[in-house]
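S.K.: based on what follows, work out the 3D shape:
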Amino acid sequence: MAKAKIITGLDIGSSSIKALLVKKKCGEEDLEVLGCFQEISAGIRRGVVINVSKVAEIISSVLKKAQNESGQKINSVYTNIGGAHLYCTSSHGLVSVSRADQKISEEDIARVLEAAQTFSLPSNKEILEVFPKEFIVDGEGGIKEVLGLQGVRLETEVLVLCGFAPYLKNLTQAVLNSGFQINDLVAAPLASARAVLTPREKELGVALLDIGAGTTGFAAYEEGTLIHTAIFPIGSGHITNDIAICLKTDIDTAERIKLEFGSCLPSKSEKSEKQIRITAEEPLVFSKKMLVEITEARVSEIFDQCQKELKKISRHGLLPAGIVLTGGGARLPKIKELCKKELKLPCRIGLPQGFFPPQEDPSLAAVSGLVLGGADLETERRLFLPERGIGAKLKRIFKIFIP
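M.R.: Numbers count the residues shown, from 1 in each chain. Predicted structure coming up:
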């Protein structure tokens, strides 16, 4: 009987660092949750690690707590990378089929993907991952799987995800300094997409918005393939900051007000005033209308950024599966209604799927996607396309450590 596999996801976010431990049992579809642990972040600004030693200290603390409380040994983690320095670009690759019988082999696929990566890139940028959008065999395009097909000329159109090398180095160094190894490094919005989007939505056309504290991740899919991704340097933490400034109160109180009384759209009681008592001090009085105006303005700013990205790929108002909102910011009341109003598309709140017991918190989307992706790798083991595999990706990432 196959031994159950323990998989650990590590979400390094702007407001908190989360670790999720799950057990993958042979023959069972859902992952059993052993525990979720988190601590407040420090040394991270807008999704980017700026203080390696401080972040390493927190990661070590979270994972040691996870080990002690779950009774499981953790050696390595699946982790994410965020920050607005991540960007994607399209590229094209072309090779001749090498075999005498003209059947396309895995080696041909690896070569054409390698050819697609041979483009000019600034010295401080690094390729993180490559996503084939389509393969073209002897001029016939739109092919997703080409292994075993017959042809003379093989081409591919790919989406290449790149990042700022020093930031990649900071993040990987922080995890390694905490005493743990990295199994895989995934862009934050793609991890969230793995947890909350369905295959049908990805086939029809869908956009994910993962609203974190310091950043918002965007990922668009069509015909089952990633077609665009981006990260905006704005998140729900900016709403908290605005409330703190307007009400002249501390950040913790502002966060409490946002979660308890905030809303993205006005209601009948919008003109009413609320009182909140902070320890022995005077009650803090604020207008619900003002709170809605602050929240709506910031969330609309996020949706404006989303609309710009959709226009870049000519998909504004043209995604049948609409927008899926996730991340901690998706818990804001009436955010779904504001999204429909601003983006003119269907909208739903995305919760992580595939766990027992079920995970009902959208803020766990990224860490949930990391362990789901890890479970996929553990199950498959054989990597269909070598250059899309984790080995090749980590080789590229750790190359930045070489002087």
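S.K.: for the nearest residue to residue 42 once chain neighbours are set aside, what is the enclosing helix or strand?
M.R.: Leaving aside its chain neighbours, residue 42 sits nearest to residue 54 (5.1 Å; criterion: C-beta to C-beta, 6 or more residues apart in numbering). Glycine gets a C-beta too; all of them are placed from N, C-alpha and C. Per DSSP states H and E: residue 54 is located in helix 52-70.
S.K.: buried stuff in that helix?
M.R.: 52, 55-60, 62-64, 66-67, 70 (16 or more other C-beta atoms under 10 Å).
S.K.: how far off centre is it?
M.R.: Centre-to-centre, helix 52-70 and its host chain are 21 Å apart (C-alpha atoms, centre = their mean, to the nearest Å).
S.K.: what angle separates the helix or strand just after it from helix 52-70?
M.R.: On the C-terminal side of helix 52-70, the closest following helix or strand by DSSP H and E is strand 76-81. If you take axes from the mean of the first three to the mean of the last three C-alpha atoms, to 10 degrees, strand 76-81 sits at 130 degrees to helix 52-70.
S.K.: can you offset everything so residue one is 46?
M.R.: Okay, using 46 as the starting number, the last item reads as strand 121-126.
S.K.: strand 121-126: partners in the sheet, and parallel or antiparallel?
M.R.: Strand pairing for strand 121-126, using DSSP bridges, gives strand 50-57 (parallel), strand 226-232 (parallel).
S.K.: out of the ones you listed, the one nearest residue 180 is which?
M.R.: Nearest to residue 180, of all the strands paired with strand 121-126, is strand 226-232, at 22.8 Å by C-beta to C-beta.
S.K.: before we move on, back to that, any idea which of the strands paired with strand 121-126 is most buried?
M.R.: Comparing the strands paired with strand 121-126 by mean neighbour count (mean count of other C-beta atoms under 10 Å), strand 50-57 comes out on top with a mean of 25.
S.K.: tell me the average confidence for it?
M.R.: Across strand 50-57, the average pLDDT comes to 95.
S.K.: then stretch 408-417?
M.R.: Rounded mean pLDDT across stretch 408-417 is 97.
S.K.: quick one: that stretch to chain centroid distance?
M.R.: Worked out by C-alpha atoms, centre = their mean, stretch 408-417 lies 8 Å from the chain centre.
S.K.: residue 89 and residue 62: what is the separation?
M.R.: Residue 89 is 8 Å from residue 62, where distance means C-beta to C-beta, to the nearest Å.
S.K.: and for the two, which residues touch both?
M.R.: residue 100 (C-beta atoms under 8 Å, 6 or more residues apart in numbering).
S.K.: follow-up on the earlier one: what pLDDT is listed against the residue nearest to residue 87?
M.R.: 97.
S.K.: same check on residue 421?
M.R.: Value for residue 421, per-residue pLDDT: 89.
S.K.: where does it sit, in terms of helix or strand?
M.R.: Going by DSSP H and E, residue 421 is in helix 410-425.
S.K.: go through stretch 362-376 and flag the buried ones.
M.R.: Buried residues in stretch 362-376 (16+ other C-beta under 10 Å): 364, 366, 367, 368, 369, 370, 371, 372, 373, 374, 375, 376.
S.K.: and which of the residues you listed is nearest residue 312?
M.R.: For those, the nearest to residue 312 is residue 376 (16.9 Å; C-beta to C-beta).
S.K.: in strands, which of the buried residues of stretch 362-376 fall?
M.R.: The strands, defined by DSSP state E, take in 368, 369, 370, 371 from the buried residues of stretch 362-376.
S.K.: pLDDT added to the buried residues of stretch 362-376, as a markdown table?
M.R.: Shown next, in a markdown table, are the buried residues of stretch 362-376 (pLDDT from 0 to 100):
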| residue | pLDDT |
| --- | --- |
| 364 | 96 |
| 366 | 97 |
| 367 | 97 |
| 368 | 98 |
| 369 | 98 |
| 370 | 98 |
| 371 | 98 |
| 372 | 97 |
| 373 | 95 |
| 374 | 95 |
| 375 | 96 |
| 376 | 94 |
